[in-house]
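S.K.: Next come a sequence and a model predicted from it.
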Amino acid sequence: MWQDLLTALGLVLIIEGVVPFLYPQRWQRMVEVLAQMAPTSMRWAGFSSMLIGVIMLYIVR
C-alpha cells in the first residue's frame, strides 16, 4: 500500500516538473494567469481535475 502511494506521488512530481523544466518562461506566465483567477474558478478546475482522476483510477483498477 505505502509503496503504491509513494510510487504515485513520485509520478505526480515527475509529471508536474516536466513543464517548468522544458518551458520555464511559459510556466511563469501560466502561474501569473493562475494568480489572477477567481478562487471559485480555481476551485472548480481543481474539483474537475480530481473527478477526472477518480474516474481514470476507477477505469484502470
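M.R.: That came through fine. These figures come from a predicted structure and were not determined experimentally.
S.K.: Other residues contacting the helix or strand containing Q28?
M.R.: Secondary-structure assignment from DSSP states H and E places Q28 in helix 24-36. Applying C-beta atoms under 8 Å, 6 or more residues apart in numbering, the contact partners of helix 24-36 are 19-20, 42. Every residue, glycine included, has its C-beta placed from N, CA and C.
S.K.: In the protein, which residue is most central in space?
M.R.: Nearest to the mean C-alpha position of the chain, counting by C-alpha atoms, centre = their mean, stands E16 at 6.5 Å.
S.K.: Compute the distance between that residue and V60, please.
M.R.: For E16, the distance to V60 (C-beta to C-beta, to the nearest Å) stands at 20 Å.
S.K.: same thing with V12?
M.R.: Where V60 is concerned, V12 sits at a distance of 15 Å (C-beta to C-beta).
S.K.: Give me the more crowded residue out of the two.
M.R.: V12 (10 against 6; other C-beta atoms under 10 Å).
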